[in-house]
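Colleague: below are the sequence and a predicted model for it; my questions follow.
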Amino acid sequence: MLHPSYKELIDKMNAEAGENTQQIQSRYTLVLAAAKRARQINSGSEPLVEEAPKAKNLSVAVDEMYSGMVHVLKDEPEEEQEAE
């Protein structure tokens, strides 16, 4: 995969970050987010972008992230998770 570069993708995701989304600080975070979304698609989630007929799930996940349809959410504090 040549486009977008990881730097370009990080910059775009950080520019569109809201108050509930996490700023991407490293390639590692980006890779984890893309892999998680690719697993969701593989498990049956509908892609949020039109993909090429032979597009792999990871490519679809990166396209979704680049188009601003998928964001990395901030972690909830442990106190809030235990209350639910």
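Modeller: Yep, it's here.

Colleague: ok, now which ones touch A34?
Modeller: Going by CB atoms under 8 Å, 6 or more residues apart in numbering, A34 touches 58, 61-62, 65. From N, CA and C alone the C-beta is placed, and that goes for glycine too.

Colleague: in which helix or strand would I find it?
Modeller: helix 27-42 (DSSP states H and E).

Colleague: which SSE is immediately downstream of that helix?
Modeller: helix 57-66.

Colleague: who's in contact with that following helix?
Modeller: 1, 4, 9, 12-13, 30, 33-35, 37-39, 41-42, 47-49, 51, 55, 70-71.

Colleague: narrow those to those that are buried.
Modeller: Buried residues within those, counting neighbours by 16 or more other CB atoms under 10 Å: 9, 12-13, 30, 33-34, 37-38, 41, 47-48, 51, 70-71.

Colleague: between the contacts of A34, which sits nearest N20?
Modeller: Nearest to N20, judged by CB to CB, of these is M65 at 15.9 Å.
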